[in-house]
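Q: everything below, folded, please.
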Amino acid sequence: MPRKKQEIEKPDVELSDIEKSAIGEICDLITASLAKSLSEKLGSDVGMDPSTVDVIGFSDIGKFLTAPILLIQLSSASALEGQFFLYISGDGLPKVFDLAIPDEAKEIGADDEVILEGLREIVNTAVSEAMTNFADSMGHTIDIDCAVIDTVVLQDESGFKSIGFLYPEGQLLNVVAALTLLDSSVNAGFLLPLGLSNQIIDLLLNEQPVMENAVPAIDEDDIGGVDLADIPEEGLGSDAVISAPGIEIEAPPQVRDMQPAKFDSLSGGDVAVAGNSNISLLLDVTLDAAIELGKTQMTIEEILRLAKGSVIELDKLASEPVEFLVNGKTIARGEVVVIDDNFGIRITEILSPRARLENL
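A: This is a model prediction of the structure:
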């Protein structure tokens with residue numbers, strides 16, 4: 001008898017794609033920093049897949065997360081206020097535990113508390129680095145104090161009931177990305193309350209930019225008792241200056257014949273993509289790169305007839321450039337060269353920054 005498919009309740013809250021991207025952006029910063037910390041301890045690159053953002057009902061959490069699972073409770077203050085959970089699960093979880101054991105304790109063995117303390121240190125370091133990178137990407141100081149306050153390992157789904165107090169609305173955001181550690185993998189994700197998720201959206205999408213060289217507000221006492229009634233009704237001329245001890249403020253030039261601003265189209269060409277400065281925060285993430293000489297289609301019968309000396313005709317002329325692929329997407333084209341008996345490719349054509357970023 002076939003197993004009945006689990007029904008998942010459709011959440012009431014819906015987020016737009018750009019709101020999901022905003023939440024995923026700050027979560028990916030923490031995940032990327034965590035991957036970097038694990039990579040340094042592992043001595044090998046840790047791959048990271050793009051994260052997914054979904055609104056789920058708390059009663060359905062066991063259908064999205066599989067025990068055993070490591071839950072790390074974090075508290076954020078200042079610009080973002082609230083608590084949330086970072087979780088790690090999957091077949092690579094034992095390897096993560098091993099990486100958390102201090103070097104001095106590896107020979108004599110480490111108990112659970114030592115391992116959990118090591119994990120707290122790894123996560124605290126990753127979160128601190130991610131918040132610093134986030135502030136740098138915004139172009140000005142953003143005070144986000146985020147730190148680990150508790151760590152627990154749940155062995156079965158019944159343990160999820162103990163964290164329900166953080167999600168009084170009965171719904172939450174599940175933001176998860178896959179990390180590859182050598183021959184195993186883990187899911188690194190976040191369980192965000194709706195209130196904290198809305199704060200992230202407001203911070204990233206509704207924040208007003210800081211204006212450089214802005215003139216601060218000044219009251220009458222600050223300008224040595226200048227009487228504003230002495231200013232003529234027609235206002236200050238373009239060359240007018242108000243001076244006082246220690247202060248000199250030039251009046252802005254008069255603006256005449258104002259017209260709507262005109263902007264260039266972003267549809268093509270080598271134009272910078274808005275917001276792509278944040279890509280610098282993920283430059284150490286490993287991607288699969290390949291060179292494609294060409295391709296063809298073959299039947300199973302044709303493949304089974306292959307033998308030494310068989311020639312396979314590709315769908316490209318010998319004079320055509322080969323393609324440079326990253327994660328299966330074309331980034332550039334070039335010609336094959338030989339460097340010290342090794343094949344290489346000399347780039348002859350490269351896609352625009354917008355096309356390359358969209359392909360990633």
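Q: tell me the mean pLDDT over stretch 112-130?
A: Here stretch 112-130 scores 86 as its mean pLDDT.
Q: okay, buried residues for it please.
A: 115-116, 118-120, 122-124, 126-130 (16 or more other C-beta atoms under 10 Å). All C-beta atoms are positioned from the backbone trio N, CA, C, and that covers glycine.
Q: contacts for it next, please.
A: Contacts with stretch 112-130, where a contact means C-beta atoms under 8 Å, 6 or more residues apart in numbering, come from 26, 29-30, 32-34, 36-38, 41, 70, 72, 74, 86, 96-97, 99-102, 105, 110, 146-148, 151, 153.
Q: quick one on the thing from earlier: specify which member of the buried residues of stretch 112-130 is nearest to Thr52.
A: Ala130 (18.6 Å; C-beta to C-beta).
Q: next structured bit after the strand or helix carrying that closest one?
A: Using DSSP states H and E, Ala130 falls within helix 112-138. Beyond helix 112-138 on the C-terminal side, the first helix or strand identified by DSSP H and E is strand 144-154.
Q: packing partners for that next one?
A: If you count contacts as 3 or more C-beta pairs under 8 Å, 6 or more residues apart in numbering; DSSP states H and E, strand 144-154 packs onto strand 69-78, helix 112-138.
Q: how about the buried residues of stretch 112-130 in a markdown table, adding distance to Asp49?
A: A markdown table is the format used below for the buried residues of stretch 112-130 (distance: C-beta to C-beta, whole Å):
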| residue | distance to Asp49 |
| --- | --- |
| Ile115 | 26 |
| Leu116 | 26 |
| Gly118 | 25 |
| Leu119 | 22 |
| Arg120 | 25 |
| Ile122 | 20 |
| Val123 | 20 |
| Asn124 | 24 |
| Ala126 | 17 |
| Val127 | 20 |
| Ser128 | 24 |
| Glu129 | 20 |
| Ala130 | 18 |
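Q: next, give me the two most distant ones among these.
A: Across the buried residues of stretch 112-130 (C-beta to C-beta), the longest gap, 22.5 Å, separates Ile115 and Ala130.
Q: just to revisit the earlier point, from the buried residues of stretch 112-130, which is closest to Leu182?
A: Of the buried residues of stretch 112-130, the one sitting nearest to Leu182 (C-beta to C-beta) turns out to be Ile122, at 17.2 Å.
Q: mind checking how far that closest one is from Ile72?
A: 10 Å (C-beta to C-beta, to the nearest Å).
Q: now swap in Leu196 and tell me
A: 15 Å.
Q: which one's more surrounded, the two?
A: Ile72 (23 against 20; other C-beta atoms under 10 Å).
Q: low-confidence ranges, this structure, go.
A: Residues of the chain meeting the criterion pLDDT under 70: 1-11, 105-110, 137-142, 207-282, 353-360.
Q: mind listing the strands for it?
A: Under the criterion DSSP state E, strands of the chain are mapped to 46-48, 52-57, 69-78, 82-89, 144-154, 171-181, 184-193, 241-244, 247-250, 289-292, 322-326, 329-339, 342-350.
Q: which of those sits closest to Glu14?
A: strand 52-57 (7.0 Å).
Q: can you give the strand pairings for that closest one, parallel or anti for each?
A: Neighbouring strands of strand 52-57 in its sheet, by DSSP bridges, are strand 171-181 (antiparallel).
Q: go through the strand it pairs with and flag the buried ones.
A: Of the residues in strand 171-181, those buried (16+ other C-beta under 10 Å) are 171-181.
Q: equivalent analysis for stretch 186-200, please.
A: 186-194, 196-200.
Q: would you map out the domains in this protein?
A: Listed domain ranges for the chain are 17-205, 287-359 (source: automatic domain parsing).
Q: tell me which of these sits most buried.
A: Each of the domains of the chain was assessed for mean neighbour count using mean count of other C-beta atoms under 10 Å. The highest is domain 17-205, with a mean of 17.
Q: what's the distance between the residue nearest to Phe160 when sequence neighbours are not counted and Asp143?
A: In space, and not counting its chain neighbours, Phe160 is closest to Ile61: 5.2 Å by C-beta to C-beta, 6 or more residues apart in numbering. Distance from Ile61 to Asp143, counting by C-beta to C-beta: 31 Å.
Q: distance from the chain centre to stretch 297-315, please.
A: 43 Å (C-alpha atoms, centre = their mean, to the nearest Å).
Q: I'm done for today, thanks for sticking with me.
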